[in-house]
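J.: Got a predicted structure plus its sequence, pasted below:
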Amino acid sequence: MTRKGPLLTLLGGGVLAAGLLVASINAASGQRDDAEQDLAGAGQETPSPAAESPEPEESPEPAEDSEPVTYVGWVDGGGASVAIIIDGDEATAYVCDGVTVEVWLNGPAINGELVLTGDDGELIGSYDDTEATGRTAALGREWTFTVEEVAPPEGLYAFADTIVGGAEVDGGWIVLPDGTQIGVLTVDGESGPAPELDLATGQVEVEGTTVTVERRGVGG
């Protein structure tokens, strides 16, 4: 009896098993290659461009300083005059009766309100784009007022602590819209009506000497 049949069967089974093993290895290798290609492709994807940063906004230009504003006029009922200069958040006032009474007052000008004080008086009031109103006291006398905004040559003129002919002199003038001048000149502590000021030259004659007077606020 021949033994080739079982041997051939065994060999055939071995060949089949070997073929299946090779196919399985090839399939696994193909899956691994595909996976590696997917990973490589993922790593090589072109990154999306980063969002562009917005350009910084330009800083606004700083606001220019406003020009000083001057208000002048008579107190209610006459008898004295008031000049107020507002420069930013500070204000100066001069109250004068044109004879012997005069005071200088200073303080804040904030949110349309004025609170000005000095050694011999005070001024409390408010202001807007056209006028200033309130009450003032000077050397024991009190007045209410409404004064209007003006432009040169109207306004407040003054000089202080000037030596003229050996005497200490200071003076102030309020020039009203109608050209009227109300002022007091003090020489060595003695006060009296101020001489007329030449508005064209800004000069005045004091004790025989020509003195130049400055306009306060705009133009002075």
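T.: Yes, it's here.
J.: Could you tell me which ranges of this protein sit under the pLDDT cut-off?
T.: Across the chain, the ranges flagged by pLDDT under 70 are 1-65, 218-220.
J.: ok, now with 80
T.: Across the chain, residues meeting the criterion (pLDDT under 80) sit at 1-66, 160-161, 218-220.
J.: where along the protein do the helices fall?
T.: Secondary structure of the chain by DSSP state H: the helices cover 4-43.
J.: Touching, Y71 and V150? I think so.
T.: Yes: the criterion here is CB atoms under 8 Å, and Y71 meets it with V150 at 7.0 Å. C-betas here are computed from N, CA, C, even on glycine.
J.: who has more neighbours, those two?
T.: Using other CB atoms under 10 Å as the criterion, Y71 and V150 rank with Y71 on top: 27 against 21.
J.: who does the nearest residue in space to V99 that is not next to it in sequence bridge with?
T.: Once flanking residues are discounted, V99 sits nearest to P193: 5.9 Å by CB to CB, 6 or more residues apart in numbering. Taking DSSP bridges as the rule, P193 bridges to V184.
J.: Quick check, P193 in contact with T186.
T.: No: P193 is beyond contact range of T186, at 11.0 Å (criterion: CB under 8 Å).
J.: the more surrounded of those two?
T.: Higher neighbour count among P193 and T186: T186, with 18 against 15, using other CB under 10 Å.
J.: For E102, see how far away that one is.
T.: Counting by CB to CB, to the nearest Å, the separation of T186 from E102 is 8 Å.
J.: What of E122?
T.: As for E122, its distance to E102 is 14 Å (criterion: CB to CB).
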